[in-house]
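Asks: Let's see this in three dimensions:
(2 chains)
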Amino acid sequence: DVKVTQSSRYLVKRTGEKVFLECVQDMDHENMFWYRQDPGLGLRLIYFSYDVKMKEKGDIPEGYSVSREKKERFSLILESASTNQTSMYLCASSLVGADTGELFFGEGSRLTVL
Amino acid sequence: AQSVSQHNHHVILSEAASLELGCNYSYGGTVNLFWYVQYPGQHLQLLLKYFSGDPLVKGIKGFEAEFIKSKFSFNLRKPSVQWSDTAEYFCAVIRDSNYQLIWGAGTKLIIKP
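Replies: Next comes the predicted model:
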């Protein structure tokens, strides 16, 4: 079974703090993704990475950055958290190839910014 | 812009009722289609997928979906729902320009015991 592990299930941070969300997958997947999930908006892609040290902006990258130094690890960074970044953050991974689109998700990190 | 529409944000059914959740997409080319499910407190997981071939696809837990190309639809069905089907269901379409998924807004399904 593919396992995608997100470091924190729940975080509470103050406005202006730097926030790190970590994600590790154990199945040697090339692709990794960060989404945010908000009620009524579905999943919106923040960033994705198709290889180590490679990253591409998704639909809503503003206010976020990412890091992929190792194949299994993909980090999301909020340089200066704001209240509108309160959300559920989902990490996912997938293989490159015919099954692209079949994503394996972590359990999510619910971030509250006060 | 390509988009995915899920017709209902909330659906409430009694056990044993039949289910159909609507999904329409706007892209006119070749598509790969997915339904994902998120049970309360759990991670999102794949329910079923369509890439090509038989437009009626079967997934886990008795779910099925029918791809109707002329209607740009990929509706999810189950003939008799159970309380354990309470979850949020997401339709998604592959964006073939860069292989990224486009997601619907989700439908929260509540099954009354």
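
Asks: Could you use CA atoms for every contact and neighbour count after this?
Replies: Noted.

Asks: Quick one: list the elements packing against the strand ranked longest in chain B.
Replies: What stands out as the longest strand in chain B, according to DSSP state E, is strand B:87-95. Secondary-structure packing of strand B:87-95 (3 or more C-alpha pairs under 8 Å, 6 or more residues apart in numbering or on different chains; DSSP states H and E): strand B:4-6, strand B:33-38, strand B:100-103, strand B:107-112.

Asks: if I look at the nearest residue in space to A:Arg36 that is not next to it in sequence, how far off is A:Lys71?
Replies: Counting by C-alpha to C-alpha, 6 or more residues apart in numbering or on different chains, A:Arg36 lies nearest to A:Tyr89, which is 4.4 Å off, once chain neighbours are set aside. For A:Tyr89, the distance to A:Lys71 equals 20 Å [C-alpha to C-alpha, to the nearest Å].

Asks: So which of those two has more stuff around it?
Replies: A:Tyr89 (25 against 20; other C-alpha atoms under 10 Å in any protein chain shown).

Asks: So for the more buried one, what's the pLDDT?
Replies: On the pLDDT scale, A:Tyr89 is placed at 98.

Asks: hang on, isn't it packed against A:Glu107?
Replies: No. Contact criterion C-alpha atoms under 8 Å: A:Tyr89 and A:Glu107 do not qualify, at 9.1 Å.

Asks: and B:Asn75, what element?
Replies: Using DSSP states H and E, the element containing B:Asn75 is strand B:73-78.

Asks: which outside residues touch that strand?
Replies: The contact list for strand B:73-78 (C-alpha atoms under 8 Å, 6 or more residues apart in numbering or on different chains) reads B:18-25, B:33, B:35, B:62-68.

Asks: Which of those residues fall within strands?
Replies: Using DSSP E, the contacts of strand B:73-78 in strands are B:19-21, B:23-25, B:33, B:35, B:64-68.

Asks: re earlier: please list only the buried members of the contacts of strand B:73-78.
Replies: For these, a burial check counting by 16 or more other C-alpha atoms under 10 Å in any protein chain shown picks out B:19, B:21-25, B:33, B:35, B:63-67.

Asks: Show me what residue of chain A gets nearest to chain B.
Replies: Nearest to chain B, among the residues of chain A, is A:Gly42, at 3.7 Å (C-alpha to the nearest C-alpha).
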